[in-house]
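> Pasting the sequence and the predicted coordinates here, then a few questions.
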Amino acid sequence: MAALRLSLPRPSSPLPIKQREGGQSLRDSTSPSKPESFVGSFEQNIMSGHMYTIPKLKFPGFMVDIGANGKNFQPPHFRRHIEVDCYDNLQAVDCPLPYVATIDLENFRYRISAKGLIQLTIFNPTKTPQKTFLVQYDITDMPAQTKTYIRQRIISAQTKHLYYAVQLRIISPQKRKYYLSGTIRVIFPHRIPDEEDVLRVSYHHPENPRFFSYAADQPAGESDEPSL
């Protein structure tokens, strides 16, 4: 999907935390420098949950609110308390302390329509909105008993730094029924971007094939499944 270029509203500032020297954003995953324990890009390790060897700080008291809007279908929002991780030793990737939220939906499915908009808002411990993601999607061609993911990335048009990202997993257990499921991961900085910084939004999803059988955990085509 082609990248969109727009200026986004600025969220409220979060609670202050100890700042590491350096910039205010998570450096884009194209940065060539990363810890030797990483396999693939820094961003991909976060989104795949492969950061367990990296020291981190935990911040309780955050909350997530998720809603969806589609044609003739608008399920009720749901809220959940979450912990947010802040990685504590990322000098090797020239990166300050990004917040990473993990939202576990393993025992809960949130039904969505085949096409529409998903809204995900992170609230900080003072109950102030930290960031609202508006994710457009279209899975009208998704077969039954398959899964996929959608990732939205928001970067600085000037510096190419990654400021925000959210990855949503979607399953279709039967024809014309679609759900958010599994683990949602969110990246956001603890300091908002500068006012003059223009932010650019892009969407990413698996290709060739786009959908995978989740029953056998094998792709519907011949390609290996990417990390979901």
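That came through fine.

> Now do the buried residues in stretch 134-151.
By neighbour count with 16 or more other CB atoms under 10 Å, stretch 134-151 contains the buried residues 135, 137, 139, 142, 145, 146, 147, 148, 149, 150, 151. (C-beta placed from N, C-alpha, C; glycine too.)

> With stretch 201-211 instead?
201, 205, 206, 210, 211.

> Mind telling me the two of these farthest from one another?
201 and 211 (23.3 Å; CB to CB).

> could you redo the buried residues of stretch 134-151 as JSON lines and give each row pLDDT and distance to residue 44?
Formatted as JSON lines, the buried residues of stretch 134-151 follow (pLDDT from 0 to 100; distance: CB to CB, whole Å):
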{"residue": "135", "pLDDT": "98", "distance to residue 44": "19"}
{"residue": "137", "pLDDT": "97", "distance to residue 44": "20"}
{"residue": "139", "pLDDT": "96", "distance to residue 44": "22"}
{"residue": "142", "pLDDT": "96", "distance to residue 44": "23"}
{"residue": "145", "pLDDT": "94", "distance to residue 44": "26"}
{"residue": "146", "pLDDT": "96", "distance to residue 44": "22"}
{"residue": "147", "pLDDT": "96", "distance to residue 44": "18"}
{"residue": "148", "pLDDT": "96", "distance to residue 44": "16"}
{"residue": "149", "pLDDT": "95", "distance to residue 44": "12"}
{"residue": "150", "pLDDT": "96", "distance to residue 44": "15"}
{"residue": "151", "pLDDT": "95", "distance to residue 44": "10"}
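
> Among the buried residues of stretch 201-211, which lie within strands?
residue 201 (DSSP state E).

> Show me the helices in the chain, by range?
42-47 (DSSP state H).

> low-confidence ranges in it?
Low-confidence segments of the chain (pLDDT under 70): 1-42, 48-53, 55, 88-97, 215-228.

> ranges for the strands of it?
4-5, 56-70, 78-87, 98-112, 115-123, 129-138, 146-156, 162-174, 177-189, 199-204, 212-213, 218-219.

> Residue 43 is nearest to which of those strands?
strand 162-174 (6.3 Å).

> Point out the other helices and strands that that closest one packs with.
If contacts are counted by 3 or more CB pairs under 8 Å, 6 or more residues apart in numbering; DSSP states H and E, strand 162-174 sits against helix 42-47, strand 98-112, strand 115-123, strand 129-138, strand 146-156, strand 177-189.

> If we use 10 Å, what do you get?
The contact analysis (3 or more CB pairs under 10 Å, 6 or more residues apart in numbering; DSSP states H and E) places strand 162-174 against helix 42-47, strand 98-112, strand 115-123, strand 129-138, strand 146-156, strand 177-189, strand 199-204.

> Take the buried residues of stretch 134-151 and write them to TSV, including distance to residue 158.
Formatted as TSV, the buried residues of stretch 134-151 follow (distance: CB to CB, whole Å):
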residue	distance to residue 158
135	24
137	28
139	33
142	36
145	44
146	39
147	36
148	32
149	28
150	26
151	22
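
> Now the two most distant members of those residues.
Taking CB to CB as the measure, the buried residues of stretch 134-151 span a maximum distance of 23.3 Å, between 135 and 145.

> Comparing the helices and strands packed on strand 162-174, which stretch has the densest surroundings?
helix 42-47 (a mean of 22; mean count of other CB atoms under 10 Å).
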